[in-house]
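Enquirer: Below is the structure, and that's it, no one-letter string:
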Ligand SMILES: O[C@H]1[C@H](O)[C@@H](O)[C@H](O)[C@@H](O)[C@H]1O
């Protein structure tokens, strides 16, 4: 066994050597010492060679159709908030039903992402994407035709099933079909489509919110369009070559590789995939279900920890509370008109999209690790700023100065002394008058539970009567410090979207060995969805216990923990072949003493220590080593 491992390392080393010459993206490998000039020449030559090789347009078409899965992910999770505003009025939905309709999709996605791992292994990536787009289309039809809330629930569950499968399959398929130097960029485009889907959903929400009846049918039903487009597109797109080779369909795999690599020579890539599969089979990473084999095989287990950890910290950084509650946050910064707040929330979604585009541009330039680390530091700081903004707004929240006679006894609302405690109670809202320079006659009264846009009784109970400078604030307080919150929100999205948004998906698509890839992605996507539902469902309760600033300070601390996790565990995968990446996790936690030269050759040492997480140098020592490259 150890011999086999030895041989294997040697093979990886040979591959590494070849790939250094052929893959310019390996240029990130440090080269020091006397021969660095010649290394630089090699890298430059390699880069030039790559630039001359034109990536076939087919890869971009394939990436575009795959990323429609990301678009549907974003659209279906984003559109529901606007649809719910109309649905709760038309179907008279209780708060519980609203919560159930929103979270059922995310819950179903968590479960189907786990099942997707199994389906991927058995039927392949292409069939799973076809299945997901079929399910999305079906869900869209059911939702748009739903006669009652029960059928709506069925539709939302169906959509969730599609979401889970698409979210774990699409990045894997894209990674397996992309050439190494473009892989990060293409997989990150999937997250760009997620945020694009969220943006389009908010625009559609805004547009159809003007319809008096059935606007929600259009909002929810329109997802059928991209779903059907993806379904028909995938009828003509090929299966992943890696899955085909794994299944022994080698001729077909060669055909697909030639198709997606254009006029490039595919022999080397084909051989390296085949060799790595054969070695995995020879080494035999244990028996039993794949998840058990992952857990008992250290490199795969480490990759799984990294993959799930990244997804968990992505959600714990609070992205979806910011996305869901952006309208409220914007109202806090002085926007009083509901419709305007909805449109500005579309602006928030657009900011998320725009900065994800920056991530697409950066990922192959600065690499996954540096991008994630930079992003998480920014996320942490901006969350702290958001917390400070909320703290200032709460400290300067206007007091309750007017106590109207109470026609419905037992309401707690009239007992609150300031807007701050009033707005944290979901049953109450703040009713006040503003003459342009100061606030007066402010009261805390119960909100109309059917439509929180107005009070249950009194001056603020009828929107059309709110004249003479009378305003109704639900879930926020009018203060002059809210610009800090707005600034924090923009900064947060600018920091989160290029790195912490897309990198967990991108990294997960590449860190697992082929035999563990679908199961690894299934688990990590399941973790993403589970923490998504946990964080967004608990936000209002957390805010009630800890206040808004406490909640955002908590997310900031969680992001801070995430920084240490990323710093300690995430290796750089930029530019490597998928088959080489497993080796980055193949550490024995050793600290080999390394020298910089060996018989006149310069040697780079890798210390792929999972606790350091950094590719320092390439390792020579057999016990610790993964691979070494000798540079002449
Ligand atoms: O990467 C995505 C993206 O950042 C989205 O904006 C967010 O809603 C998702 O939860 C996340 O997984």
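Expert: Looks like it came in fine. Computed from a prediction, not measured in an experiment: that's the story for all the values here.
Enquirer: Residue numbers of the stretch 451-600 of the chain in contact with the ligand?
Expert: Within the stretch 451-600 of the chain, the positions lying close to the ligand (C-beta under 6 Å from any ligand atom) are 501, 502, 505, 528, 532. (C-beta placed from N, C-alpha, C; glycine too.)
Enquirer: Farthest pair within the residues you listed?
Expert: Farthest apart among those by C-beta to C-beta are 502 and 532. That separation is 15.4 Å.
Enquirer: Which of those two has more residues huddled nearby?
Expert: Between residue 502 and residue 532, counted using other C-beta atoms under 10 Å, residue 502 has the larger neighbour count: 32 against 21.
Enquirer: Just say helix, strand or coil for the residue in the chain that the ligand sits nearest to.
Expert: The shortest separation between the chain and the ligand is 3.4 Å, found at residue 501 (distances taken as C-beta to the nearest ligand atom). Recorded secondary structure, residue 501: coil (DSSP: H, G, I helix; E, B strand; the rest coil).
Enquirer: which residues does it contact?
Expert: Neighbouring residues of residue 501 by C-beta atoms under 8 Å, 6 or more residues apart in numbering: 191, 195, 314, 319, 352, 355, 356, 359, 375.
Enquirer: For the stretch 251-400 of the chain, what lies in contact range of the ligand?
Expert: Close to the ligand, as judged by C-beta under 6 Å from any ligand atom, the stretch 251-400 of the chain has residues 314, 319, 320, 323, 352.
Enquirer: For the residue sitting furthest away from the middle of the chain, give me the pLDDT.
Expert: Seen from the C-alpha centroid of the chain, the residue lying at the greatest distance (C-alpha atoms, centre = their mean) is residue 405, 49.3 Å away. In the prediction, the pLDDT value recorded for residue 405 is 72.
Enquirer: That one: what secondary structure?
Expert: Using three-state DSSP as the criterion, the local structure at residue 405 reads coil.
Enquirer: What separation do you get for it and residue 443?
Expert: Noted for residue 405: a distance of 11 Å to residue 443, by C-beta to C-beta, to the nearest Å.
Enquirer: do residue 141 as well
Expert: Separation of residue 141 from residue 443 (C-beta to C-beta): 47 Å.
Enquirer: Who are the contact partners of the residue farthest from the centre of the chain?
Expert: Contacts of residue 405 (C-beta under 8 Å, 6+ apart): none.
Enquirer: which residues are contacting the helix or strand hosting residue 245?
Expert: Here residue 245 sits within helix 241-246, counting by DSSP states H and E. Residues from elsewhere that reach helix 241-246 (C-beta under 8 Å, 6+ apart): 120, 124-125, 176-177, 250, 252-254, 256-257, 260, 270, 273-274, 277, 514-515, 578.
Enquirer: redo that, cut-off 7 Å
Expert: Counting contacts by C-beta atoms under 7 Å, 6 or more residues apart in numbering, the residues outside helix 241-246 that touch it are 124, 125, 176, 252, 253, 256, 257, 273, 274, 277, 514.
Enquirer: again, but for stretch 376-392
Expert: For stretch 376-392, the external contacting residues (C-beta under 7 Å, 6+ apart) are 317-318, 481, 484-485, 488-489, 491-492, 495-496, 499-500, 548-549, 552-553, 555-556, 559-560, 562-563, 566.
Enquirer: backbone phi and psi for residue 473, please?
Expert: Backbone torsions for residue 473, taken as degrees, to the nearest 10, come to phi -120, psi 110.
Enquirer: Beta-bridge partners for it, please?
Expert: Partner residues in beta bridges with residue 473: residue 430, with DSSP bridges as the criterion.
Enquirer: residues near it, how many?
Expert: Residues near residue 473, counting by other C-beta under 10 Å, number 20.
Enquirer: The one 10 residues further on now?
Expert: Under the neighbour criterion other C-beta under 10 Å, residue 483 is assigned a count of 15.
Enquirer: how far away is it from residue 393?
Expert: 10 Å.
Enquirer: Check residue 99 too.
Expert: 26 Å.
Enquirer: Repeat that for residue 401.
Expert: For residue 401, the distance to residue 393 under the criterion C-beta to C-beta works out to 18 Å.
Enquirer: for residue 585, same thing?
Expert: Residue 585 sits at a distance of 45 Å from residue 393 (criterion: C-beta to C-beta).
Enquirer: Of residue 141 and residue 443, which one has the most company?
Expert: Legend: neighbour count by other C-beta under 10 Å for residue 141 and residue 443, higher for residue 443 (24 against 17).
Enquirer: Which helix or strand contains the more buried one?
Expert: Counting by DSSP H and E, the element that carries residue 443 is strand 439-446.
Enquirer: who does that strand pair up with?
Expert: With DSSP bridges as the test, strand 439-446 is paired with strand 428-434 (antiparallel).
Enquirer: For the strand it pairs with, what is the distance to the chain centroid?
Expert: Centroid separation for strand 428-434 versus its chain: 37 Å, with C-alpha atoms, centre = their mean, to the nearest Å.
Enquirer: show me what contacts residue 274?
Expert: By C-beta under 7 Å, 6+ apart, residue 274 lies in contact with residue 245.
Enquirer: related to what we said a few turns ago, and residue 99 and residue 393? which has more neighbours close in?
Expert: When neighbours are counted by other C-beta under 10 Å, residue 99 and residue 393 differ, and residue 393 comes out ahead with 26 against 14.
Enquirer: so the more buried one sits in a helix?
Expert: Yes. Counting by three-state DSSP, residue 393 is part of a helix.
Enquirer: Please consider this matter closed, and thank you.
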